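# Return atomic coordinates for the entry below.
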Amino acid sequence: MKHLISALLLVTLAFGQAGTAPAASGQSVRVEQDSARKAKALIDQMIQALGGPAYLNIEDISQEGRTYSFHLGVPNSLGVQFWRFYKFPDKDRMELTKKRDVVFVENGDKGFEITYKGAKAQEAKDLADYLRRRGYALDWVLRHWLQEPGVALFYEGPTVAEQKNAEQVTIMNARNQGLTLYIDSDTHLPVKKTFSWRDPTDQQRNVEDEVYDAYRPVQGIMTPFSVTRFYNGDMSNQRFLTTVRYNQGLSDSMFEAVLSPNPKK
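From the prediction side, this is the model:
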């Protein structure tokens, strides 16, 4: 009898565990679905705040302003005047100094530095840094990642970012790349984005942040006139814009460069 009672107890426990497992699994799925829905709603709200279709259909950007560089959070220059021309999705031109005599051009996966000495290939590390940042650029993520199969959205809850109440959302693509957005709870505009990557040389994980501030409407698009980048917690670059124009019909020829056969020394 004792053996029979023990057997009945084991069967009862087995059925009980089998009955609770699907319920727990189903609850987990519902939590994930709710998280994804909340994240998508916040991202959609953010895109509308940025300008909706006007933002998503930007073809090119022309900017003027001043840029400051930092080393380990300490400024290492007095700032440089710049002109930037960007044509979606992968053409970029930056002209530096008042004479605009130092130019960096990125076109596809190639980069060039142009000075009075001629054009030469961009330093490999500088180009790799630029291409990585472009792959995580806000417009690239919102216009490409969100359309890719296998993308996952996660609502991380309310938080504080740059002294502002914000909602935290993470986007993961099928390549296991992730980016976290901090969205202003009041204006619904992006306050900050952050992503991490592992250095192939030393296998250390690095974190890059970009903070957006001083928004103004330009041609129906809410535009941050202050953009600050951080690298592993230290400020690395800061740009203050004075002029922004959209969809000026920039020519592809602006982003072409021919390597000089015998650049001046």
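# Can you show me the strands along the stretch 51-200 of the chain?
60-71, 74-75, 80-87, 91-96, 102-107, 110-115, 118-121, 152-161, 164-172, 178-184, 190-198 (DSSP state E, counting those that start in this stretch).
# how about those strands, which one is nearest Tyr231?
strand 60-71 (8.9 Å; Cβ to Cβ). Every residue, glycine included, has its C-beta placed from N, CA and C.
# Need the contact partners of the closest one.
Residues from elsewhere that reach strand 60-71 (Cβ atoms under 8 Å, 6 or more residues apart in numbering): 75-77, 79-88, 96, 225, 234-250.
# just the angle between that strand and strand 91-96, please?
With axes from the mean of the first three to the mean of the last three Cα atoms, to 10 degrees defining the directions, strand 60-71 sits at 60 degrees from strand 91-96.
# Could you spell out the sheet neighbours of strand 60-71, each with its direction?
Here strand 60-71 is paired, per DSSP bridges, with strand 74-75 (antiparallel), strand 80-87 (antiparallel), strand 234-246 (antiparallel).
# Throw the ones you listed into TSV and include distance to Phe112, mean pLDDT and mean neighbour count, thanks.
Listed next are the strands paired with strand 60-71 as TSV, based on distance: least, Cβ to Cβ, whole Å; pLDDT from 0 to 100; neighbours: other Cβ atoms under 10 Å:
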stretch	distance to Phe112	mean pLDDT	mean neighbour count
strand 74-75	27	72	10
strand 80-87	14	97	18
strand 234-246	20	96	16
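# Redo those strands as a markdown table? Include distance to Arg205.
A markdown table is the format used below for the strands paired with strand 60-71 (distance: least, Cβ to Cβ, whole Å):
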| stretch | distance to Arg205 |
| --- | --- |
| strand 74-75 | 23 |
| strand 80-87 | 29 |
| strand 234-246 | 15 |
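# between the ones you listed, which gets nearest to Arg37?
strand 234-246 (31.5 Å).
# Show me how far that closest one is from its chain's centre.
15 Å (Cα atoms, centre = their mean, to the nearest Å).
# Go ahead and list the helix or strand containing Arg216.
Using DSSP states H and E, Arg216 maps to strand 205-218.
# tell me the angle the very next helix or strand once past that strand makes with strand 205-218.
Following strand 205-218 in sequence order, the next helix or strand is strand 221-231 (DSSP H and E). Angle of strand 221-231 versus strand 205-218, following the same axes, to 10 degrees, is 160 degrees.
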